[in-house]
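Participant: need a 3D model of the following:
(2 chains)
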Amino acid sequence: MEVMLRDRKAILAFVGPALLIYSLIMLVPIAWSLGYTVFEGNVIGGFQFVGLHNFAAIFSDPSFWQAFLFTVKYAVVVTVGQVGIGFLLALLYALYLGKASPLIRTLVFFPVILPTVAVAELFKKIFEIVPTYGLVNSLLHVAHLDAWIQPWLGQGGSAFWVIAIMDIWRSMGFYGVLLFAGLVDIPGEIFESARVDGASGWRLVRAVVLPLLAPILFSSFIFSINGTLKVFDTVLALTNGGPGQATTPLTLYMFTTAFSNGQYGYGSTIATALAIMCLFVTLLIFRSARQDVG
Amino acid sequence: MSQALTKPIQETTTPPQGRTKYSVSKLLGRLPLWILIALLLIVVLYPLLWMLLSSFKTTAEFNTGAFWTLPSGFAWQNYALAWTSGMGTYFLNSILVVFPSLFLVLVLSLAASFGLEVMKWRFNNVILLAFLAGIMIPAQMILLPLFTIYFQAGLINTRWALIITYTATTLPLSVFLMSGFFKNVPRTVIEAAVLDGASIYQVFYQVAVPMVANGLITVGLVNFFFLWNDLLFSLTFISSDNLRTIQTGLLNFAGQYGQVDWGPTFAGAAIAVFPTLAVYLILNQQVIKGLTAGSVKG
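Facilitator: Model prediction:
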């Protein structure tokens, strides 16, 4: 029995293939990317060693900082939006819906699975101004708020909000279910005794739900930040980073730096900066996960 | 984390409201709740419904009618045009890269998780952690070296570039989820099979794998959505139009037709949406369970 489960040849046969592919396609490239950060050039034109020049360049590159600020602002806004609305949805599911809850949960969850580009085409149309008004501008027109009609995706400020709204729309149902699972784990007796004590509505939420849900809420925030820092698809499909560079996150800046400008070294440096940001958040994840599982 | 989330979601009982008869005042009291739910469903469902309806609108209807006007008929020619001018090829391309990748990642992660979770050896936890680390790594971190490797190997603009990348990048989360499922297989079952004289490979194939069949479906579904919806890798490794996958293809297609001809654009979007919608309609509970269990991916 023991001998069989310790059979080295079998272990190699089971784990080897996956480990080999994972190492070659993920671990080696990660190290390789780190290596690229001290070079300049690309695969077609050749490479030159530049030392720490790329890291120094980051600090004096306004485009990098603009992308950095966009990324952080986006991550914070979308995280607060999707976890916040997700929390309200979870309360709705658990406390008010009763038998209708599974159906509503399933319906609200579904935008999560839709392909980004298809959703982005839809949102482009919703916020369209020319040649015809989209849904938003049409509603404003009907409401006689014509002064508010504007090219939503054509201005950096409003385009940011369209991007954020689209991603919150897509993911709120996901966080709704995630937090609902946490709510359901709270024993019913706790609610009962809180009710007996006269707690209801917002007081029940604040005094009972929030403290008990804190670990999973915290994890959700971390997951969400970790995911939103890597935003790429939504931006590419909705605005392609424009107008100008107004809605370019770090991922897209890295992509254009590497593939449009052929600067692999600087591109890798940007990717490394992003990875460090994610790693920082990841460390928080594992700490919070440990508290969660206990 | 995942343990807490993968267990079936039980229903809560509704707060005890007292089983009084339905009175008018009680129904009125519930009214704000129903309005709220109706608004929520409109916000979630209307955009998709609108997209499906609009895929049947003619160009004239887009240009003259109000946003919310229903199509006067079914302009199936939108679908015909979308399918024949690219979307058909993109759709088939996606199937040809997504399903081989799914098959590979399922086989590899099944075997690896069994080896890591059931077999007894010294470094299994270290290797498991090494796999888990891959979940958090931004794809941008491996993009340039992979491009270099594929470029040197002549794999740029081939399906292999995507199949290899898809298989490798979905491995970490798959191993993470799969080893969770193997953890729940009772050791006594495996011990009994071993005592019956089965070889370790037979134990794996005939005993352990059937016991994680549900997990296999879950992991398959999660990966299906990640891969069907991939944009970045397809954008990076494929530039030839007849190899584009559904997401990059739709992006390209919308670039040509969008804003000029919304009908075919939305027909194209509907074609991209259809498989995900179909899977969700049939298997929504497993999808929800799987995706929330995979929430570590962010």
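
Participant: what about the residue nearest the centre of chain B, which helix or strand?
Facilitator: By Cα atoms, centre = their mean, chain B has its centre lying nearest to B:F225, at 1.3 Å. Under the criterion of DSSP states H and E, B:F225 resides in helix B:213-228.

Participant: same thing with A:G41?
Facilitator: Here A:G41 is assigned to strand A:39-42, by DSSP H and E.

Participant: phi, psi of A:G134?
Facilitator: Note on A:G134: backbone dihedrals following degrees, to the nearest 10 are phi -80, psi -170.

Participant: what's the burial count for B:G88?
Facilitator: 16 (other Cβ atoms under 10 Å in any protein chain shown). Bear in mind the C-beta positions are built from the backbone N, C-alpha and C, glycine included.

Participant: helix, strand, or coil at it?
Facilitator: At B:G88 the chain is in helix, as set by DSSP: H, G, I helix; E, B strand; the rest coil.

Participant: do you know how far it is from A:V80?
Facilitator: 41 Å (Cβ to Cβ, to the nearest Å).

Participant: ok, back up a step: could you dump the strand holding A:G41 to PDB, C-alpha only?
Facilitator: This file holds the C-alpha atoms of strand A:39-42, laid out as PDB (Å, rounded to 0.1, in the frame of the first residue of the first chain):
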ATOM      1  CA  PHE A  39      17.900  45.000 -22.200                       C
ATOM      2  CA  GLU A  40      16.600  47.200 -25.000                       C
ATOM      3  CA  GLY A  41      15.400  46.000 -28.400                       C
ATOM      4  CA  ASN A  42      13.200  43.200 -29.700                       C
END
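
Participant: how far away is the residue positioned nearest the centre of chain A from A:G265?
Facilitator: The centre of chain A sits closest to A:T228, judged by Cα atoms, centre = their mean, with a distance of 2.3 Å. If you measure A:T228 against A:G265 using Cβ to Cβ, the figure is 27 Å.

Participant: also B:I238?
Facilitator: Taking Cβ to Cβ, one finds B:I238 at 24 Å from A:G265.

Participant: before we move on, what about A:L122?
Facilitator: 38 Å.

Participant: cool, and B:G220?
Facilitator: 39 Å.

Participant: same question for B:A161.
Facilitator: 23 Å.

Participant: same deal with B:P186?
Facilitator: For B:P186, the distance to A:G265 - Cβ to Cβ - is 53 Å.

Participant: next up, the contacts around the residue in the stretch 1-150 of chain B positioned nearest to chain A.
Facilitator: Residue nearest to chain A within the stretch 1-150 of chain B: B:G115 (3.0 Å; Cβ to the nearest Cβ). B:G115 makes contact with A:A10, A:I11, A:A13, A:F14, A:V15, B:N124, according to Cβ atoms under 8 Å, 6 or more residues apart in numbering or on different chains.

Participant: tell me the two of those residues that are most distant?
Facilitator: A:A13 and B:N124 (14.5 Å; Cβ to Cβ).

Participant: so for stretch A:163-173, what's the average pLDDT?
Facilitator: The average pLDDT within stretch A:163-173 is 94.

Participant: stretch A:238-246 now?
Facilitator: 87.

Participant: where are the low-confidence patches of chain B?
Facilitator: Along chain B, the parts satisfying pLDDT under 70 run over B:1-22, B:257-260, B:297-298.

Participant: switch the cut-off to 80
Facilitator: B:1-30, B:59-70, B:72-75, B:255-261, B:294-298 (pLDDT under 80).

Participant: that older thread, quick one, phi psi at the closest residue to the residue nearest to the centre of chain B other than its chain neighbours?
Facilitator: Distances taken as Cβ to Cβ, 6 or more residues apart in numbering or on different chains place A:I113 nearest to B:F225, at 5.3 Å, with adjacent residues excluded. When read as degrees, to the nearest 10, the backbone of A:I113 gives phi -90, psi 0.

Participant: the host helix or strand of B:G268: which residues count as buried?
Facilitator: Assigned by DSSP H and E, B:G268 falls within helix B:262-293. Within helix B:262-293, the residues that count as buried by 16 or more other Cβ atoms under 10 Å in any protein chain shown are B:262-273, B:275-277, B:279-280, B:283-284, B:286-293.

Participant: and chain A, which of those reach it?
Facilitator: Contacts with chain A within those, counted by Cβ under 8 Å from any Cβ of the partner chain: B:262, B:265-266, B:269-270, B:272-273, B:276-277, B:279-280, B:284, B:287-288, B:291-292.

Participant: neighbours of A:A100, how many?
Facilitator: Neighbours around A:A100, by other Cβ under 10 Å: 12.

Participant: got a list of what it touches?
Facilitator: Counting by Cβ under 8 Å, 6+ apart, A:A100 has contacts B:I37.

Participant: in terms of pLDDT, where does it sit?
Facilitator: So, for A:A100, pLDDT stands at 79.

Participant: quick one: it is in a strand?
Facilitator: No. Secondary structure of A:A100 (three-state DSSP): helix, not part of a strand.

Participant: next, give phi and psi for B:K120.
Facilitator: phi -110, psi 110.

Participant: correct me if wrong: it contacts A:R6.
Facilitator: Yes. If you go by Cβ atoms under 8 Å, B:K120 and A:R6 touch, sitting 5.3 Å apart.

Participant: lowest-confidence helix or strand of chain A?
Facilitator: Using mean pLDDT, DSSP states H and E, helix A:2-5 stands out as the lowest-scoring helix or strand of chain A, at a mean of 75.

Participant: quick one: name whatever helix or strand follows the helix or strand containing A:E121.
Facilitator: Using DSSP H and E, A:E121 maps to helix A:116-126. Next in sequence after helix A:116-126, counting helices and strands by DSSP H and E, comes helix A:135-142.

Participant: so that following helix versus helix A:116-126, what angle?
Facilitator: Angle, helix A:135-142 to helix A:116-126, by axes from the mean of the first three to the mean of the last three Cα atoms, to 10 degrees: 20 degrees.

Participant: packing partners of the following helix or strand past helix A:135-142?
Facilitator: Moving toward the C-terminus from helix A:135-142, the next helix or strand (DSSP H and E) is helix A:156-184. Here helix A:156-184 touches helix A:62-91, helix A:101-109, helix A:116-126, helix A:210-228, helix A:233-238, helix B:2-6, helix B:24-54, helix B:262-293, going by 3 or more Cβ pairs under 8 Å, 6 or more residues apart in numbering or on different chains; DSSP states H and E.

Participant: out of these, flag the one nearest A:L140.
Facilitator: Nearest to A:L140, of all those, is helix A:116-126, at 12.3 Å by Cβ to Cβ.

Participant: buried sites along that closest one?
Facilitator: A:T116, A:V117, A:A118, A:V119, A:A120, A:E121, A:L122, A:F123, A:K124, A:K125, A:I126.

Participant: got a list of contacts for it?
Facilitator: Everything outside helix A:116-126 that qualifies as a contact, by Cβ under 8 Å, 6+ apart, is A:111, A:134-136, A:153, A:162, A:165-166, A:170, A:233-234, A:237-238, B:47-48, B:50-51, B:54, B:229, B:231, B:247-248, B:250-251, B:254, B:258, B:262, B:265-266, B:269-270, B:272-273.
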